[in-house]
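**Student:** Here is my input; please provide its structure:
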Amino acid sequence: MKKINLKNILIACCIGLFSLSACNDLDQVPTDRFTDETFWLSTDNSELVVNMAYSQMYKSEKMWQDESLSDNMFDGRSNTAERVIRNGLADPSLGRFADEWKWAYEGIKTCHAYLDNVERVPDMDASLKEKRKAEIRFIRAYLFFRMTNFYGDVPFFTKDLTIAESRTISRTPRVQVIEFIHKELDEIMPLLPKRDNLSKDDNGRITKGAACALQARAYLYDSDWAKVEEYCNKLINVQGEYGTYGLFSSYPDMFLQDNEYNTEVILDYAYVPSVKTWQEMYDMAPLSAGARLNAKAPTQSLVDNYITLNGKKITEDPDYNVNNPYVNRDPRLSATVVYHGFQWTNTDGTKRTIYIKPGSNDNKVDMYVSSSANTTSTGYYVKKYFDPKAEADLKSALNIIMFRYADVLLMYAEAKLEQGALTSAVWDNTIKLIRKRAGFTDSAALDYPSAASTDALREIVRNERRSELALEGLRYYDIKRWKAGTKYLNGYVFGAKFASNNTENIRLDNRQFVESRDYLWAVPLSQIDLNPNLKPNNPGYAN
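**Tutor:** Sure, this is the predicted structure:
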């Protein structure tokens with residue numbers, strides 16, 4: 001919803017009143033403020049709760065934090081919680097574990113408050129009520145899904161709990177929570193509108209297509225390939241029922257304010273100029289573009305993932321130029337990462353060169369100095385999601401995409417591959433389409449690699465996901481579901497080849513990934529202190 005009601009500011013106060021009840025019949029209902037007795041007498045008030053639930057579903061901060069958990073990004077300037085996790089040093093007292101838990105259950109509480117009370121709203125249009133209930137059920141399912149991905153077994157309930165109840169509940173097996181999520185999504189799909197039927201004012205609301213995409217992603221994370229294929233097929237081939245979607249014409253332009261709510265976007269998290277903005281790019285973009293410093297930077301591993309224009313990995317292409325490594329590469333590289341020699345477009349349309357390699361130019365503002373300096377720690381800056389219309393201090397109103405059609409195509413291709421059915425026809429309607437949109441023209445990059453083995457095809461599909469969806473918050477979850485933590489999240493993090501007189505890559509943290517521990521987070525110690533029934537903790541973490 002690309003709009004915001006300033007009454008949202010009041011809703012947190014209103015929600016706090018829901019748990020209050022009268023002490024006796026002589027208590028008087030206040031007339032100068034909302035109480036639990038009066039709040040639900042208005043459809044407008046109930047809409048405020050829906051808006052609040054939307055705001056608690058996701059946000060830019062979550063996306064960038066999730067990227068820092070992966071091999072795509074490095075938090076170089078401070079010892080963030082994500083850096084502690086990746087270096088294998090986290091314990092149940094880590095604040096990030098507690099913050100994520102608290103944030104998700106606050107959102108779930110809002111959903112339950114709505115579902116427990118919306119029937120009390122008099123004269124509410126019945127169709128609107130059913131639609132809003134379906135939206136709230138989606139948000140609740142999404143939050144429980146996120147929780148199971150981090151913690152595995154989690155406290156699960158479908159009504160608002162009292163404080164006393166919350167301190168006695170135990171953890172429900174993850175498989176049962178996932179079963180509930182699948183059931184919920186199937187039930188709400190018929191109750192939600194298609195994107196084609198949304199009014200402009202309703203842009204950004206949860207649709208039938210969004211529920212279908214979340215269903216596919218939930219099955220993807222459990223490697224239920226037949227179900228992934230089934231739900232992706234609905235979005236690809238049954239668009240009359242689930243909504244019209246397609247690849248947007250330009251990959252870099254898809255991430256601009258002017259092109260929000262395009263046909264590729266299935267669901268995004270909305271921001272509003274000057275009213276509701278995000279500012280993480282202030283610490284990720286080139287300093288010469290207005291950034292304050294560099295706190296997060298893309299890794300060399302991510303840069304190396306982008307193939308050459310003829311479809312080869314850089315280690316396999318005889319024409320790859322180690323002295324000029326950024327030419328003749330997948331065009332999505334320059335849409336995602338700022339590298340030395342990058343042609344930056346200013347807000348007025350003029351171009352200039354970004355100099356990062358030490359000693360390459362007198363203008364040193366963006367140059368690599370050391371991993372602890374204010375400039376980039378890896379030799380790279382972030383380009384994707386940079387907003388040319390950003391306000392002062394790079395405050396951005398650019399929406400954050402949660403689900404998009406290219407991801408559906410990639411899920412479908414992976415599902416067909418894992419079922420032994422990634423044919424040339426499937427390739428042409430998924431990977432080839434995505435690469436053509438990216439800007440590939442060489443048939444060697446576009447045509448189905450018929451000579452490739454299943455293992456080689458699997459690597460191609462997985463690498464394609466990384467290049468297409470880089471810096472969109474999905475890489476960490478891919479690594480988890482592939483059970484590839486040791487492969488991607490263990491060992492040194494590297495930056496560009498600026499160290500030791502440009503003869504070796506910048507060497508950064510030596511990350512540690514323990515297979516028996518690090519696919520799940522610890523249940524927060526603060527929660528166990530409140531509720532011992534949450535024990536035992538996940539493997540590898542003391543209670």
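**Student:** For Ser372, list the residues it contacts.
**Tutor:** Ser372 makes contact with Gly76, Arg77 under the criterion CB atoms under 8 Å, 6 or more residues apart in numbering. No exception for glycine: its C-beta is placed from N, CA and C like everyone else's.
**Student:** From Tyr242, how far off is it?
**Tutor:** Counting by CB to CB, to the nearest Å, the gap between Ser372 and Tyr242 amounts to 50 Å.
**Student:** what are the ranges of the strands in the stretch 51-200 of the chain?
**Tutor:** Taking DSSP state E, counting those that start in this stretch, the strands of the stretch 51-200 of the chain run over residues 73-75.
**Student:** Next: the stretch 301-450 of the chain.
**Tutor:** Under DSSP E, counting those that start in this stretch, the stretch 301-450 of the chain gives strands at 337-338, 342-345, 351-354, 381-382, 400-404.
**Student:** Buried deepest among those, which one?
**Tutor:** strand 381-382 (a mean of 27; mean count of other CB atoms under 10 Å).
**Student:** ok, back up a step: in JSON lines, list the strands of the stretch 301-450 of the chain along with mean pLDDT.
**Tutor:** Formatted as JSON lines, these follow (pLDDT from 0 to 100):
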{"stretch": "strand 337-338", "mean pLDDT": "98"}
{"stretch": "strand 342-345", "mean pLDDT": "95"}
{"stretch": "strand 351-354", "mean pLDDT": "94"}
{"stretch": "strand 381-382", "mean pLDDT": "98"}
{"stretch": "strand 400-404", "mean pLDDT": "98"}
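**Student:** Just put the ones you listed in CSV and tack on distance to Leu128.
**Tutor:** Formatted as CSV, the strands of the stretch 301-450 of the chain follow (distance: least, CB to CB, whole Å):
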stretch, distance to Leu128
strand 337-338, 44
strand 342-345, 44
strand 351-354, 49
strand 381-382, 40
strand 400-404, 23
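**Student:** Can you tell me which of the ones you listed is nearest to Glu187?
**Tutor:** When these are compared by CB to CB, strand 400-404 sits nearest Glu187, at 19.1 Å.
**Student:** looking at this structure, which helix or strand does the model trust least?
**Tutor:** Taking mean pLDDT, DSSP states H and E as the measure, the helices and strands of the chain show their lowest mean at helix 8-15, namely a mean of 35.
**Student:** contacting residues around the spatially most central residue of the chain?
**Tutor:** When CA atoms, centre = their mean is applied to the chain, the residue found nearest the centroid is Gly473 (3.5 Å). With contacts defined as CB under 8 Å, 6+ apart, Gly473 is in contact with Lys62, Met63, Trp64, Asp66, Glu67.
**Student:** Excluding chain neighbours, give the residue nearest to the first one in space.
**Tutor:** When you say that, I think you mean Lys62. Gly473 (6.9 Å; CB to CB, 6 or more residues apart in numbering).
**Student:** Pull the number of nearby residues for the residue lying closest to Leu293 once chain neighbours are set aside.
**Tutor:** Of all residues not flanking Leu293 in the chain, Asn374 sits nearest, at 4.1 Å (CB to CB, 6+ apart). Asn374 has 15 neighbours, counted by other CB atoms under 10 Å.
**Student:** Please report how far Asn374 lies from Leu520.
**Tutor:** Taken as CB to CB, the span from Asn374 to Leu520 is 35 Å.
**Student:** For Asn510, grab phi and psi.
**Tutor:** Main-chain dihedrals, Asn510, degrees, to the nearest 10: phi -100, psi 90.
**Student:** May I have the beta-bridge partners of it?
**Tutor:** Tyr492 (DSSP bridges).
**Student:** does it really touch Phe494, like I thought?
**Tutor:** No - using CB atoms under 8 Å, Asn510 is not in contact with Phe494; the gap is 10.9 Å.
**Student:** The two: who's more crowded?
**Tutor:** For Asn510 versus Phe494, the count of surrounding residues by other CB under 10 Å is larger for Phe494: 20 against 11.
**Student:** ok, now how distant is the residue nearest to Leu293 from Pro193?
**Tutor:** Taking CB to CB, one finds Asn374 at 48 Å from Pro193.
**Student:** for Val84, same thing?
**Tutor:** For Val84 relative to Pro193 (CB to CB), the value is 43 Å.
**Student:** Please apply the same query to Pro122.
**Tutor:** In terms of CB to CB, Pro122 sits 24 Å off from Pro193.
**Student:** Which one's more surrounded, these two?
**Tutor:** Each of Pro122 and Pro193 has its neighbours counted (other CB under 10 Å); Pro193 has more, 17 against 8.
**Student:** Tell me how far that one lies from Glu230.
**Tutor:** From Pro193 to Glu230 the distance is 22 Å (CB to CB).
**Student:** do Arg140 as well
**Tutor:** 23 Å.
**Student:** do the same with Val514
**Tutor:** 35 Å.
**Student:** These two: which is more packed in?
**Tutor:** Counted by other CB under 10 Å, Val514 and Glu230 do not tie: Glu230 has more neighbours, with 16 against 13.
**Student:** pLDDT at that one, what is it?
**Tutor:** Per-residue confidence (pLDDT) for Glu230: 98.
**Student:** mind listing what's buried in the helix or strand harbouring it?
**Tutor:** In the assignment (DSSP states H and E), Glu230 maps to helix 225-237. Going by neighbour count (16 or more other CB atoms under 10 Å), the buried part of helix 225-237 is Trp225, Lys227, Val228, Glu229, Glu230, Tyr231, Cys232, Asn233, Lys234, Leu235, Ile236.
**Student:** which residues does the second one contact?
**Tutor:** When contacts are counted by CB under 8 Å, 6+ apart, Lys227 touches Gln215, Ala216, Tyr219.
**Student:** which stretches of the stretch 201-350 of the chain form helices?
**Tutor:** 208-220, 225-237, 239-242, 300-305, 332-336 (DSSP state H, counting those that start in this stretch).
**Student:** In CSV, list those helices along with distance to Asn429.
**Tutor:** Formatted as CSV, these follow (distance: least, CB to CB, whole Å):
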stretch, distance to Asn429
helix 208-220, 16
helix 225-237, 8
helix 239-242, 14
helix 300-305, 23
helix 332-336, 19
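**Student:** Tell me which of the ones you listed lies nearest to Arg466.
**Tutor:** helix 300-305 (5.1 Å).
**Student:** Name the surrounding residues that touch the closest one.
**Tutor:** For helix 300-305, using CB under 8 Å, 6+ apart, the contacting residues are 71-73, 314, 325, 333, 336-337, 339, 378-380, 463, 466-467, 470, 488, 493-496, 505-506.
**Student:** are any of the residues you listed buried, and which?
**Tutor:** Members of these classed as buried by 16+ other CB under 10 Å are 71-73, 314, 325, 333, 336-337, 339, 378-380, 466-467, 470, 488, 493-496, 505-506.
**Student:** Measure how buried Lys109 is and give me the count.
**Tutor:** Lys109, neighbours per other CB under 10 Å, totals 19.
**Student:** Same check on the one 10 residues further on?
**Tutor:** Number of residues near Glu119 (other CB under 10 Å) recorded here: 10.
**Student:** number of nearby residues for Pro358?
**Tutor:** Counted with other CB under 10 Å, Pro358 comes out at 17.
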